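> could you work out the structure for the sequence below:
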Amino acid sequence: MEEQINLAKVAEDHAKKASADASRLAEELRQEQDHSSQIEKARRTAETIAKDLQTRLDEAEAAAMQGGRKIVQKMEQVRYGFETARGTGTTPPNLFFVPVPPAEKCNNNHFEKAPVAVSLS
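Okay, the predicted model is just below:
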């Protein structure tokens, strides 16, 4: 009889341990599921931000290309103006040729600049 009581107590202890393990595992599962849903939400947010940034980058590149074209057109107009003023009508070897302004003069192979008034408007 005593042996059966001991066996019942041992079985009860095993049941309590199994119940505690099941509760612990259920809590760990809930925490992992919460963590997984937070990670998924962060991933979706990151994807949305990445798509938005890519759109903004594409728009900025398009604007830069448009602005670059306008700058090239203005430089071509300036170059054409210089060519017309010189009366040559030929293209200088460097498209970005900038003549030395009259405010600068050469003295013993050094460039000296005359004082220039600057307007901050």
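> show me where this protein has its strands.
104-107, 110-113 (DSSP state E).
> quick one: low-confidence parts of this protein?
Filtered on pLDDT under 70, the chain yields the residue ranges 87-121.
> closest to the centroid, which residue in it?
Closest to where the C-alpha atoms of the chain average out (Cα atoms, centre = their mean) is Leu53, at 7.0 Å.
> how distant is stretch 41-61 from the center of its chain?
Relative to its parent chain, stretch 41-61 has a centroid offset of 9 Å by Cα atoms, centre = their mean, to the nearest Å.
> no, scratch that, I was asking about stretch 11-24
53 Å.
> and for stretch 11-28?
The mean C-alpha position of stretch 11-28 is separated from the chain mean by 50 Å, Cα atoms, centre = their mean.
> what does stretch 15-30 contact?
For stretch 15-30, there are no external contacting residues (Cβ atoms under 8 Å, 6 or more residues apart in numbering). Glycine gets a C-beta too; all of them are placed from N, C-alpha and C.
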